[in-house]
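In: when you get a sec, could you give me coordinates for this:
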Amino acid sequence: MKVLKWILGGLVGILLLLFIVLYFLSDGMSGIVENRTEIEIEKPANQVFTWISESEKLKQWMHGLKEDIPINGDSLRVGSKSKIIVEDEQGRFEMIVEITQLKMNELLAVHITSEGFEVNAVYKLSESGDVTTLNYEGRAHFKSFFLRLITFVIKPASQQQLENNFNKLKSLVEAEQWETTIEEE
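Out: Predicted coordinates:
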């Protein structure tokens, strides 16, 4: 019986130590993950802006985005909401996206809510000649205990996916520019 108590005590100790390590790795279980990236796209800002604001174009470069359904009209304005459906390796997720700030061809800010998290994201565009610099800053707040505990794993994975998405966006936008140039000749 004494051996069983030692084994159980050891297991509880290991689990407690694991929790403490995860607690510190996850920044005290704040549940906050911040991602940033920047990319230069050889295309004017008004053309890049369509790729971050139009549903059919978003589906081409955002990993897993399957549907983008307007909730309160389909106009691009502050207060517009849509339901998006994302399907990826982790499953199928429904989210509500609301435009919180909008300055055509310069700024698009959104608030995304889902069952497990909320995200505030800002896309800023700045143009120099025919080159547009696109900056992204996102701040996610995870709601569940488990997700808060593993934010140290979520952050690098979400950063990598963000960079992959932006690289795909760049290639699609720049390819469209090349096709447009040929059509004009």
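
In: who's in contact with residue 78?
Out: 99-102 (C-beta atoms under 8 Å, 6 or more residues apart in numbering). Every residue, glycine included, has its C-beta placed from N, CA and C.

In: for it, helix, strand, or coil?
Out: coil (DSSP: H, G, I helix; E, B strand; the rest coil).

In: pLDDT value on it, please?
Out: Note on residue 78: pLDDT of 96.

In: residue 119 versus that one, what's the distance?
Out: 17 Å (C-beta to C-beta, to the nearest Å).

In: count the neighbours of residue 68 for me.
Out: 18 (other C-beta atoms under 10 Å).

In: any idea which element it lies in?
Out: strand 65-70 (DSSP states H and E).

In: how is the chain divided into domains?
Out: Following automatic domain parsing, one finds the domains of the chain at 1-29, 31-184.

In: helices along this structure, start to end?
Out: Remark: helices assigned in the chain by DSSP state H are 2-25, 45-53, 55-61, 145-149, 151-184.

In: output the second one as PDB, nothing but the C-alphas.
Out: So the one you mean is helix 45-53. This file holds the C-alpha atoms of helix 45-53, laid out as PDB (Å, rounded to 0.1, in the frame of the first residue of the first chain):
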ATOM      1  CA  ALA A  45      -2.600  49.500 -53.100                       C
ATOM      2  CA  ASN A  46      -6.100  49.600 -54.600                       C
ATOM      3  CA  GLN A  47      -5.500  46.300 -56.300                       C
ATOM      4  CA  VAL A  48      -3.900  44.700 -53.200                       C
ATOM      5  CA  PHE A  49      -6.800  45.900 -51.100                       C
ATOM      6  CA  THR A  50      -9.300  43.900 -53.200                       C
ATOM      7  CA  TRP A  51      -7.400  40.800 -52.300                       C
ATOM      8  CA  ILE A  52      -7.900  41.400 -48.500                       C
ATOM      9  CA  SER A  53     -11.500  42.600 -48.700                       C
END
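
In: nice, that's everything, thank you.
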